[in-house]
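1. after the sequence you'll find the predicted model.
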Amino acid sequence: MSDVYGIQAVRSVLRETPDRARRLYIQRGRRDARISELVALAREAGVRYQAMEAQWFRRRAGEVAHQGALLECHEAALAGLDDLLQRWDSFGPEPLLLIVDGVTDPRNLGACLRCASGAGVDAVLLPKHHSAPLSAVALKTAQGGVEDLYLVEVTNLVRAMKKLQERDVWIVGTEGDAPNAYTQIRAQGPLALVIGGEEKGMRRLTREQCDEHVHIPMRGSVSSLNVSVAAGIVLYEALRQRSITAGETSVDKPA
């Protein structure tokens with residue numbers, strides 16, 4: 001079982017995947033509209049709810065900002081590489097994927113997943129042994145962005161990348177000393193963007209398997225961006241290019 005904290009994250013589970021929910025806990029004394037909405041969603045989904053004291057939340061959630069809402073859930077099931085390949089044709093002619101390699105901070109992972117959800121990626125690939133877990137902290141940071149994502153856990157990331165390349169996926173890695181800027185990526189066609197870990201970036205074998213490497217120009221005093229910020233920049237650059245090709249004037253709805 002796992003816990004989901006925070007109003008937005010709890011709302012997302014109750015709306016999108018209510019079968020995961022086991023029990024909703026709300027902080028006693030909270031009577032605002034957002035908490036009332038969670039209770040209504042729980043009733044609609046047949047999920048029991050219970051009011052608990054603030055001290056109970058402090059023991060259960062620790063330092064996580066729970067906002068007076070905690071949803072006890074069944075663990076989210078992650079797809080495997082074979083599942084991804086079987087589902088491949090459903091993604092259409094230009095699937096967009098995000099590969100997260102070696103991001104070990106759960107908040108960074110959650111923020112990357114939120115960016116991926118916002119950009120409407122078709123799948124996110126996560127290495128089984130070199131990634132932060134989908135913990136309560138990661139889910140809280142994602143703010144509900146995990147529920148509509150197709151998450152794929154792979155044991156061998158390089159093998160998974162090779163399988164994608166066999167399906168004509170162009171794989172672009174982000175790297176600080178890459179020769180080309182991120183605006184020069186080839187966004188048309190099947191595309192996978194790779195984001196590396198917080199300190200060392202992509203692992204060597206992952207880097208070598210990429211078809212192309214790009215960097216995000218830095219003009220100020222800092223030498224790099226947070227991994228989730230970098231993910232958002234390159235994902236939305238891909239969307240921008242695709243929208244121009246399709247003759248659109250904007251990338252979907254405003255943030």
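-> Done, it's in.
2. check contacts around Trp158.
-> I think there's a mix-up here, since residue 158 is Val and not Trp. Applying CB atoms under 8 Å, 6 or more residues apart in numbering to Val158 gives the contacts Leu205, Thr206, Gln209. (C-beta placed from N, C-alpha, C; glycine too.)
3. helices - which of those residues land there?
-> Taking DSSP state H as the definition of helices, the contacts of Val158 contribute Leu205, Thr206, Gln209.
4. what ranges does the protein have for its strands?
-> 2-5, 21-27, 48-52, 69-73, 96-100, 123-127, 151-154, 170-174, 180-181, 191-195, 212-215 (DSSP state E).
5. re earlier: dump the ones in helices among the contacts of Val158 to JSON lines, plus neighbour count, distance to Glu199 and pLDDT.
-> Output for these, formatted as JSON lines (neighbours: other CB atoms under 10 Å; distance: CB to CB, whole Å; pLDDT from 0 to 100):
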{"residue": "Leu205", "neighbour count": "12", "distance to Glu199": "17", "pLDDT": "96"}
{"residue": "Thr206", "neighbour count": "22", "distance to Glu199": "15", "pLDDT": "95"}
{"residue": "Gln209", "neighbour count": "21", "distance to Glu199": "20", "pLDDT": "97"}
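6. and these, which is closest to Gly118?
-> Using CB to CB, the shortest approach to Gly118 within the ones in helices among the contacts of Val158 belongs to Thr206, at 24.0 Å.
7. with adjacent residues omitted, what lies nearest to that closest one?
-> In this structure, Thr206 finds its nearest non-sequential neighbour in Asp101, 4.8 Å apart by CB to CB, 6 or more residues apart in numbering.
8. what is the neighbour count of that neighbour?
-> 25 (other CB atoms under 10 Å).
9. ok, it to Tyr182 distance?
-> Between Asp101 and Tyr182 the computed distance is 17 Å (CB to CB, to the nearest Å).
10. go on, Lys162?
-> Between Lys162 and Tyr182 the computed distance is 24 Å (CB to CB).
11. of the two, who's got more company?
-> The neighbour count for Lys162 versus Tyr182, taken as other CB under 10 Å, is higher for Tyr182 (18 against 12).
12. from memory the more buried one sits against Thr174, does it?
-> Yes - Tyr182 sits in contact with Thr174 when judged by CB atoms under 8 Å, with a separation of 7.1 Å.
13. and the residue most central in space within the chain, what is it in contact with?
-> Here the mean C-alpha position of the chain is nearest to the C-alpha of Leu113 (CA atoms, centre = their mean), at a distance of 1.3 Å. By CB under 8 Å, 6+ apart, the contact list for Leu113 reads Val124, Ala138, Ala142, Gly145, Val146, Leu149, Leu151.
14. what's the answer for Tyr5, then?
-> By CB under 8 Å, 6+ apart, Tyr5 lies in contact with Ala61, Val64, Ala65, His66, Gln67, Ala69, Leu70, Leu71, Ala136, Leu139, Lys140.
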